[in-house]
Every structure is written in C-alpha cells, then in structure tokens.
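Novice: what's the 3D shape of this:
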Amino acid sequence: VISIGMEAADANRLICECSLLVTDYSSAQFEGAYLNRPLVYSQFDADTYDERHTGENGYFSWESDTFGPVCRDIESTVKAITEYLENGCVNKEPYTGRARGFFVYRDKNNARRVYDEILKL
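Specialist: Next comes the predicted model:
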C-alpha cells in the first residue's frame, strides 16, 4: 500500500509498478488501463461530485466505460480490493476488453507518432 501525501511523488512510476490501482475520478485510470492494471474506482461522493465540478459530461461513462468496478461506499471498495488481492491482482472481463477496445495502439511508438504529427503541422 502506498499513500501519497503532500510530498512530491512520481505518479507515473507508481502506476507502472503497482499491482492494483485504486482511484476515484482521476485520469490516472487511463495510464493504469493502458498498462493492464486492475482498477477499482472508489466514488463514495458520487452524489455531490457533479455538483462541485463544472463542464459537461464527456465521452466516458462511469456506468458503462470504466476499466474496473465502480464502488459507491467504503464497504464495496474494500470488497473489490480484497477480491483482486485474493486472486493475485489479475485483471478480469469485462474490464480487460474495455481497455483493449479503448486504446488504438499498444506499443512503444506513441512518442514517435506524436513527433511525426507535430512535424506535419
């Protein structure tokens, strides 16, 4: 278990090294899913989340697009984490399929593609 406080942390390194990623609404979910890490979403404040955030809902649905179970309270969060730990933190369907379908590329050429597109500008 790694707790990140106010000190600086290398989030990318932590996501790369983790066996299970627990998040809320963070975009870190995409890095975890890209690396095929199992995810658990702890969204205990879902009833007030939308009230406190501006903007429109985007392309990503918390009901149908997530890469792991969405837990709305501490009990279901602990249960989901425990289930993953008891099964060796192996990712499972439908979440692995969602991640496979979400990312067009799964290779080590992302930086090269970005660079090539910049050159085209």
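
Novice: Correct me if wrong: Val40 contacts Val78.
Specialist: No. In this structure, Val40 sits apart from Val78 without contact. The criterion is C-beta atoms under 8 Å, and the distance is 9.5 Å. The way it works is simple: take the backbone N, C-alpha and C, and place the C-beta from them, glycine included.

Novice: These two: which is more packed in?
Specialist: Between Val40 and Val78, Val40 has the larger neighbour count (other C-beta atoms under 10 Å), namely 22 against 13.

Novice: what's the helix or strand for that one?
Specialist: Here Val40 is covered by strand 39-42, with elements defined by DSSP states H and E.

Novice: and the next element down the chain from that strand?
Specialist: From strand 39-42 onward toward the C-terminus, using DSSP H and E, the following helix or strand is helix 46-52.

Novice: For Ala80, grab phi and psi.
Specialist: Torsion angles at Ala80 (phi, psi; degrees, to the nearest 10) stand at phi -60, psi -40.

Novice: Give the full set of residues in contact with it.
Specialist: Residues near Ala80 by C-beta atoms under 8 Å, 6 or more residues apart in numbering: 40, 68-69, 71.

Novice: Look up how far Val70 lies from it.
Specialist: In this structure, Ala80 and Val70 are separated by 9 Å, where distance is defined by C-beta to C-beta, to the nearest Å.

Novice: Just checking the distance from the worst-scoring helix or strand of the chain on mean pLDDT to the centre of its chain.
Specialist: When each helix and strand of the chain is scored by mean pLDDT, DSSP states H and E, helix 46-52 comes last, with a mean of 75. What separates the centre of helix 46-52 from the centre of its chain is 19 Å, taken as C-alpha atoms, centre = their mean, to the nearest Å.

Novice: Contacts made by that helix with the rest, please.
Specialist: Counting contacts by C-beta under 8 Å, 6+ apart, the residues outside helix 46-52 that touch it are 25, 43, 62, 72.

Novice: Right, I'll leave it there.
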